[in-house]
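Participant: test case, fold it:
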Amino acid sequence: MQPISLLLLLAMAAGQTTPQTFDELSTRARQAYEANHPEEAAELYGRAVKLRPDWAQGWWALGMIEYERDRYLECRDDLTRMVELDASAAPAWALLGLCEFRTKQYDAAFQHLKKAHMLVPVTEPGGPLLDMTDYHLALLLTEQGAFELAQEILMRVARKVHTNPEMMFASGLPALRMPILPSEVPANQHDVVTMAGKAFWDLATQRPEEAEADLNALVTKYPKVPNVHYFYGTYLAARHPEQCASQFLEELSITPDSVPARVQLALQYILDDKLEQALKLAREAVALSPDSVGAQLALAKTLRTQGNNQGALAAFLAAERLDPVSPVIRLYLMNVYRDLDRIEDMQREKAEYDRLKREQSNWP
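Facilitator: So this is what the prediction gives:
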């Protein structure tokens, strides 16, 4: 009988201990992960997906392991494979967007975080991962200057998370209309952002009296900081509309070129039946920023209230060109076409409104 060589013995031993089939690899990978052996689990999952590249859960597991190890580029690549296999997996889109945020690929992160947000109905809790997704989505909306959208999403996050100092601080940025990330806040503005963030957070989580006390403290301590009075004015417009105009006028004394303050003041003057003043402010807002959807809408609403439907239509159409995916603008157009007895145009806008509402059912 020929002696068995050492190399053959080693090969036989390896064959006895190293899993070879997909089922063996996937089982051992799961056991390694559950036993908190991430390196072994990643190696085993990696071998398993090579055997079965269409195993979506394997790519998800790899992505999770790499994210937990702060290996964001690897996590990004794994989850890209995952969403190619299952485009309905909101958690995978969420984690992919978070990886891209970490690697400062902000454009891709925005698209993928938004995708995750829109896959989860607002009536469902979503869980901590989706809360973190919405928080980072709000950060990117703030950086883009979409402050109202950012605030709406942060309100939802605050009501679910309740206590989170990092998120509370970041909420001060859209409240003060600062298009930057929290890491970019200058040291000399840290306190005002902190106070604004607390006021915003308390609006979502505390009694109205506490939030109003926060806002009063903010305007008392920082009466000359841009958008402090604007922030307070938007709060008053929603709860004490008869008091808001003075805050918007104060904002204009501090930032004379403020388009948002003009828009809000014009909208309040419409309610107060001060239509000539509203029209003046709305025209100024459009002149200062022709690409502002809010300015065009303020002008359209003022003209419509005055009975000038043709003028209102032109302004509504300008807003629609600037924001063609807004269902609300289509609703405004539908109504003005109805009043102008342009029935075919009204029906077209109704169809567009219905389509956009379906497509954006989970978007603010």
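
Participant: who touches stretch 188-200?
Facilitator: Applying Cβ atoms under 8 Å, 6 or more residues apart in numbering, the external contacts of stretch 188-200 come out as 151, 154, 158, 168-176, 178, 185, 211, 214-215, 217-218, 221-222, 225, 228, 231. To be clear about C-beta, it is placed using only N, CA and C from the backbone, and glycine gets the same treatment.

Participant: among those residues, which are in helices?
Facilitator: By the criterion of DSSP state H, membership of the contacts of stretch 188-200 in helices covers 151, 154, 158, 168-175, 211, 214-215, 217-218, 221, 228, 231.

Participant: filter the contacts of stretch 188-200 to the buried ones?
Facilitator: Buried residues within the contacts of stretch 188-200, counting neighbours by 16 or more other Cβ atoms under 10 Å: 151, 154, 158, 168-176, 178, 185, 211, 214-215, 218, 222, 225, 228, 231.

Participant: which residues of this structure score low on pLDDT?
Facilitator: For the chain, applying pLDDT under 70 flags the ranges 1-19, 125.

Participant: let's see 80
Facilitator: 1-20, 121-126, 364 (pLDDT under 80).

Participant: contacting residues for the closest residue to Lys224 other than its chain neighbours?
Facilitator: For Lys224, ignoring the flanking residues on the chain, the nearest one in space by Cβ to Cβ, 6 or more residues apart in numbering is Ile254 at 5.9 Å. Each residue near Ile254 by Cβ under 8 Å, 6+ apart is listed here: Lys224, Val225, Pro226, His229.

Participant: change it to 7 Å
Facilitator: Lys224, Pro226, His229 (Cβ atoms under 7 Å, 6 or more residues apart in numbering).

Participant: most neighbours out of the residues you listed, which is it?
Facilitator: Among the contacts of Ile254, the one with the most neighbours (other Cβ atoms under 10 Å) is His229, at 26 neighbours.

Participant: residues near Pro256, how many?
Facilitator: By the criterion of other Cβ under 10 Å, Pro256 has 9 neighbours.

Participant: tell me how far it lies from His162.
Facilitator: Distance, Pro256 to His162, by Cβ to Cβ, to the nearest Å: 39 Å.

Participant: checking Ser88 next. Helix, strand or coil?
Facilitator: Using DSSP: H, G, I helix; E, B strand; the rest coil, the structure places Ser88 in coil.

Participant: how about the backbone phi and psi for Asp291?
Facilitator: With angles defined as degrees, to the nearest 10, Asp291 sits at phi -90, psi 10.

Participant: I figured it hits Ala319, correct?
Facilitator: No: using Cβ atoms under 7 Å, Asp291 is not in contact with Ala319, being 10.3 Å away.

Participant: of the two, which one has the most company?
Facilitator: Ala319 (23 against 10).

Participant: so for the strand or helix carrying Ser26, what gets flagged as buried?
Facilitator: Using DSSP states H and E, Ser26 sits in helix 22-34. Going by neighbour count (16+ other Cβ under 10 Å), the buried part of helix 22-34 is Phe22, Leu25, Ser26, Arg28, Ala29, Arg30, Ala32, Tyr33.

Participant: could these go into JSON lines alongside distance to Glu39?
Facilitator: Listed next are those as JSON lines, based on distance: Cβ to Cβ, whole Å:
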{"residue": "Phe22", "distance to Glu39": "20"}
{"residue": "Leu25", "distance to Glu39": "15"}
{"residue": "Ser26", "distance to Glu39": "17"}
{"residue": "Arg28", "distance to Glu39": "13"}
{"residue": "Ala29", "distance to Glu39": "12"}
{"residue": "Arg30", "distance to Glu39": "15"}
{"residue": "Ala32", "distance to Glu39": "9"}
{"residue": "Tyr33", "distance to Glu39": "11"}
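
Participant: any idea how far Glu250 lies from Asn36?
Facilitator: 57 Å.

Participant: try Arg358
Facilitator: Taken as Cβ to Cβ, the spacing of Arg358 relative to Asn36 amounts to 44 Å.

Participant: buried sites along the helix or strand containing Gln296?
Facilitator: Element membership for Gln296, per DSSP H and E: helix 293-305. Neighbour-count burial for helix 293-305, counted by 16+ other Cβ under 10 Å, picks out 293-305.

Participant: report all helices and strands that that helix contacts.
Facilitator: helix 259-271, helix 275-288, helix 309-322 (3 or more Cβ pairs under 7 Å, 6 or more residues apart in numbering; DSSP states H and E).
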